[in-house]
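*Asks:* Quick check, what structure comes out for this input:
(chains A, B and C)
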Amino acid sequence: MPSNSIQLDDNGKLRHFLSIEGLNPTILNEILDTADSFTSVTDRTIKKVPILRGKTVANLFFEASTRTRSTFELAEQRLSADILSLNVTTSATVKGESLLDTLQNLEAMQIDMFVIRHQDSGSAHFFAQHVRPGVSVLNAGDGQHEHPTQAMLDMYTIRHHKQDFSSLRVAIVGDILHSRVARSQIHALNLLNTAEIRVIAPRTLLPMGTESLGVSVYEDLEQGLEGVDVIIMLRLQKERMRGALLPSEKEYYRKFGLSQERLQLAKPDAIVMHPGPANRGVEIESSVMDGNQSVILQQVGFGISVRMAVMSMIVGQSGLQSGGDA
Amino acid sequence: MPSNSIQLDDNGKLRHFLSIEGLNPTILNEILDTADSFTSVTDRTIKKVPILRGKTVANLFFEASTRTRSTFELAEQRLSADILSLNVTTSATVKGESLLDTLQNLEAMQIDMFVIRHQDSGSAHFFAQHVRPGVSVLNAGDGQHEHPTQAMLDMYTIRHHKQDFSSLRVAIVGDILHSRVARSQIHALNLLNTAEIRVIAPRTLLPMGTESLGVSVYEDLEQGLEGVDVIIMLRLQKERMRGALLPSEKEYYRKFGLSQERLQLAKPDAIVMHPGPANRGVEIESSVMDGNQSVILQQVGFGISVRMAVMSMIVGQSGLQSGGDA
Amino acid sequence: MPSNSIQLDDNGKLRHFLSIEGLNPTILNEILDTADSFTSVTDRTIKKVPILRGKTVANLFFEASTRTRSTFELAEQRLSADILSLNVTTSATVKGESLLDTLQNLEAMQIDMFVIRHQDSGSAHFFAQHVRPGVSVLNAGDGQHEHPTQAMLDMYTIRHHKQDFSSLRVAIVGDILHSRVARSQIHALNLLNTAEIRVIAPRTLLPMGTESLGVSVYEDLEQGLEGVDVIIMLRLQKERMRGALLPSEKEYYRKFGLSQERLQLAKPDAIVMHPGPANRGVEIESSVMDGNQSVILQQVGFGISVRMAVMSMIVGQSGLQSGGDA
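*Replies:* Numbering: from 1, shown residues only, chains lettered A, B, ... in the order given. Next comes the predicted model:
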């Protein structure tokens, strides 16, 4: 079953949000436009809307995550949802239930929407295939597959600063091989018709056949940064060192770390992004992270708007037209 | 002090909910009727009522529990309560406070209702004896004593499918000896005037004097299942194996596991229940659990309605007459 | 930068609440008066006001604390805030982020108010120095520095029972050296013009230069208790024993434990306080703790009103004039 047919209903409306792959530019743009209306909500004194009032959202985090989990919980609160947050590593599965048993038991509690983060690729799809009609699943990161809300907040950040994707050169730097974030970003940038997508990484951290994804591949950071509008740095998972895929942190920084000097190679108004949490001094120099081209903290806030947007679209409401405070 | 006098006030209204023992059929039926009104609430688009608005419920779980704790929390949210959930194993008692100190400190925070799960039999009664007037205690499972909201959701499920208890044969299968669930069920089935209650278990898992509880005892599963309307399977606590009360999981399944074949011995329209989480392949065959006679997942959802009902009755409101959305 | 200039804005209104040191009597009295209006709120049937409606409060507890954390969470719920509670020991900092990174990431989520407990003295000030305009920080205990909401709930309790500070003798007994609570209390009692503040402790648990704080020092409990109106017992951190600062629990109780007999030395209507959790039989006799001069449990409840007061004043509202239920 193609992702498309499970994520969208017969009218092309969003039902689940599992992967960028399988979606279309219309949906992506609708998410970005809807998020715009919530960015203004979050700037108002009262930040609540009643869109999920009386609905229940379950946050199932099989992997720890402060940033993603916190922004999802805040998005849900601002939409006035009832919230059940389970740290599943320490609860449901302890007594030996399968993932499907866990899902079905929670579903029996009249959960309207599941937000799931899981270490296995495909777990969000698995959930979506098994929930009953009317229940929705949002992927908050599954294995090395996708992290679609992260990609959409990244797209939102880029559009906020650069407007039109069709004239942009975007570089993604780092561990492409293991990154669900990179995978989702590449799909989204392609769907939004980005002029050029570059991936920059040591050969050992590039997946086979990367070129077929519609990107240009650079093994040299300085060549890759030349003239780009957007630089997206990925977090270096330190455990890769042990796996012999990489020599050392110091060596990695020497070859792939984003320094002030290297940043000069990009366009003067290039923006610097990172999904966080960053390793200062490993993939990015501290002064770049805190510098005036960095939009890293802005990404975090936009994450709330984008998550509010996706959840609103799923319940059939785009933004604020339902009106007023909760 | 008999349970009755502590659970009911002078007008016979519910004040605490500690055990099925000591209650009367009128109260039990009122719980089931009130739960009915909430089952329709949970099917509405907006699932909230303002019955506990401005009240504070503290969930004190001294033992882990995903199912019971989640359904209590959802019930409280749907009643619009403020909620304080404490995983007490890792907090209050760490610094060496006694149970009574913990209770009194929380009570000083103007908690209106305590939901307590504790490994010691009698702990909920202990709480109820020490709270001040106007504060209520709900037992979410105490040691090997009782688990009364579980029993009431089971009664609700049975009534939903079978209406009249007075013509029913109900079998409870498994570790009766250590099961607070079984104890509460037997009391409830007796109060509701069930035609026949059978307990089916190996001799080592039967309490002394079981017959005095008004049940018939079977040590043979197949004999016990003959012609019953309802089969309630209990979870096998695997740690019993170590205690030498049981030979092995495989042997247990061979003698007391509910298979498709054995299910044929019950009435054709018999329902299969389990409080969860089930050990597939130990006390119940996977295909029975997922089969069309199983109402196991339905039980979970009914658990929310029943818990909403008990909490509403305690604050003096039966169901929805207080009106409208929160 | 003196604490004063960071805690108050140009109009002398409360902006952060970091330490009692640096505040003035006007602010302290305003907190006590505002708390009064919330004490009546907490006695009403409906305990909610909309003062923090649409605002988000993040509770960052780098140290475990049941009492302080629960009363903050209840205060926030009763003010109708959205709440993000992070047990930071097990989340944000796990991946190696600095305290400043954690702060900035959370701030990017449009948090309006931070409640922070941290093992390092000065951490709350550090936060306050780095948040952007419009964001406030409340200190819920930082290292051995201050615990200002605890001190204010203590002042509230004293005023509730004794009205006028200017005629009171107050004794603080125990580990003054390591106690952030004692430090905050001494500042508050001085600002409120208390007639006499006595600290009673073994020499090893007294900080250097204690006399300069405007207190009288006693190394003999019985002399120190003579004629006092208020006795504040401090928790004995048992780990001090190992550090050789103290001989043994038994010896400590013999010399500094508050027994019924010793309580007779204070005024007949003296009140006994303790920030909790108390070690019964170590710093205080059980019967004193439960006796009719003890106001220890009352302190806990007042803690909610005082925390509601501080948060309300920070958002520019003193008490209930904003009107009605949330």
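
*Asks:* Tell me where chain A is predicted with low confidence.
*Replies:* Along chain A, the model assigns pLDDT under 70 to residues A:1-4, A:41-46, A:89-97, A:239-245, A:318-326.

*Asks:* mind listing the strands for it?
*Replies:* A:56-61, A:82-87, A:113-118, A:136-142, A:169-173, A:196-200, A:216-218, A:230-233, A:271-273 (DSSP state E).

*Asks:* Report whether the last one contacts chain C.
*Replies:* To tie it back to what came earlier, the one meant is strand A:271-273. No - using C-beta under 8 Å from any C-beta of the partner chain, strand A:271-273 stays clear of chain C, with a minimum separation of 13.1 Å. (Glycine included, C-beta is placed from N, CA and C.)

*Asks:* Let me see the backbone angles for whichever residue of the stretch 101-250 of chain A sits closest to chain B.
*Replies:* Closest residue of the stretch 101-250 of chain A to chain B, C-beta to the nearest C-beta: A:A108 (3.8 Å). Torsion angles at A:A108 (phi, psi; degrees, to the nearest 10) stand at phi -60, psi -20.

*Asks:* that older thread, how about JSON lines for the strands of chain A, with mean neighbour count and distance to C:I304 added?
*Replies:* Shown next, in JSON lines, are the strands of chain A (neighbours: other C-beta atoms under 10 Å in any protein chain shown; distance: least, C-beta to C-beta, whole Å):
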{"stretch": "strand A:56-61", "mean neighbour count": "23", "distance to C:I304": "27"}
{"stretch": "strand A:82-87", "mean neighbour count": "19", "distance to C:I304": "23"}
{"stretch": "strand A:113-118", "mean neighbour count": "24", "distance to C:I304": "31"}
{"stretch": "strand A:136-142", "mean neighbour count": "26", "distance to C:I304": "34"}
{"stretch": "strand A:169-173", "mean neighbour count": "25", "distance to C:I304": "49"}
{"stretch": "strand A:196-200", "mean neighbour count": "23", "distance to C:I304": "54"}
{"stretch": "strand A:216-218", "mean neighbour count": "16", "distance to C:I304": "58"}
{"stretch": "strand A:230-233", "mean neighbour count": "27", "distance to C:I304": "45"}
{"stretch": "strand A:271-273", "mean neighbour count": "22", "distance to C:I304": "42"}
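
*Asks:* Now do the contacts for A:G141.
*Replies:* Residues in contact with A:G141 (C-beta atoms under 8 Å, 6 or more residues apart in numbering or on different chains) are A:E63, A:S65, A:T68, A:R117, A:H118, A:H147, A:Q150, A:R180.

*Asks:* pretty sure the fifth one contacts A:G143?
*Replies:* Yes - A:H118 sits in contact with A:G143 when judged by C-beta atoms under 8 Å, with a separation of 7.1 Å.

*Asks:* Tell me the residues of the stretch 101-250 of chain A that contact chain B?
*Replies:* Counting by C-beta under 8 Å from any C-beta, the stretch 101-250 of chain A sits next to chain B at A:D101, A:Q104, A:N105, A:L106, A:E107, A:A108, A:M109, A:Q110.

*Asks:* Now do the same contact list for the closest residue to the second one other than its chain neighbours.
*Replies:* Read that as A:Q104. Closest residue in space to A:Q104, ignoring its immediate chain neighbours: B:L297 at 5.6 Å, by C-beta to C-beta, 6 or more residues apart in numbering or on different chains. By C-beta under 8 Å, 6+ apart, the residues touching B:L297 are A:Q104, A:N105, A:E107, A:A108.

*Asks:* what would those residues look like in a markdown table with neighbour count?
*Replies:* Formatted as a markdown table, those follow (neighbours: other C-beta atoms under 10 Å in any protein chain shown):
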| residue | neighbour count |
| --- | --- |
| A:Q104 | 18 |
| A:N105 | 23 |
| A:E107 | 20 |
| A:A108 | 21 |
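
*Asks:* and which of these is nearest to C:K255?
*Replies:* Closest approach to C:K255 among the contacts of B:L297 (C-beta to C-beta): A:N105, at 56.8 Å.

*Asks:* From B:A35, how far off is the closest one?
*Replies:* Going from A:N105 to B:A35 by C-beta to C-beta, to the nearest Å gives 19 Å.

*Asks:* re the thing from before, wait, doesn't the residue of the stretch 101-250 of chain A closest to chain B sit right on B:G301?
*Replies:* Yes - A:A108 is within contact range of B:G301, at 4.5 Å (criterion: C-beta under 8 Å).

*Asks:* got a list of what A:E196 touches?
*Replies:* A:L168, A:R169, A:V170, A:S216.

*Asks:* Is it bridged to anything, and to what?
*Replies:* Beta-bridge partners recorded for A:E196 (DSSP bridges): A:R169.

*Asks:* so how far is B:M289 from it?
*Replies:* If you go by C-beta to C-beta, the gap between A:E196 and B:M289 works out to 54 Å.

*Asks:* How about chain A: which residue is closest to chain B?
*Replies:* Nearest to chain B in chain A, going by C-beta to the nearest C-beta, is A:G54, at a distance of 3.3 Å.

*Asks:* Quick check: phi and psi on that residue?
*Replies:* A:G54 adopts backbone torsions of phi 80, psi 0, taken as degrees, to the nearest 10.

*Asks:* From the contacts of B:L297, which land in helices?
*Replies:* Members of the contacts of B:L297 lying in helices (criterion: DSSP state H): A:Q104, A:N105, A:E107.

*Asks:* and the stretch 201-326 of chain A, which of its residues are near chain C?
*Replies:* Counting by C-beta under 8 Å from any C-beta, the positions of the stretch 201-326 of chain A adjacent to chain C are A:G276, A:P277, A:A278, A:N279, A:L297, A:Q298, A:Q299, A:V300, A:G301, A:G303, A:I304, A:D325.

*Asks:* List buried members of those residues by neighbour count.
*Replies:* Buried subset of these (neighbour count, 16 or more other C-beta atoms under 10 Å in any protein chain shown): A:G276, A:P277, A:A278, A:N279, A:L297, A:Q298, A:Q299, A:V300, A:G301, A:G303, A:I304.
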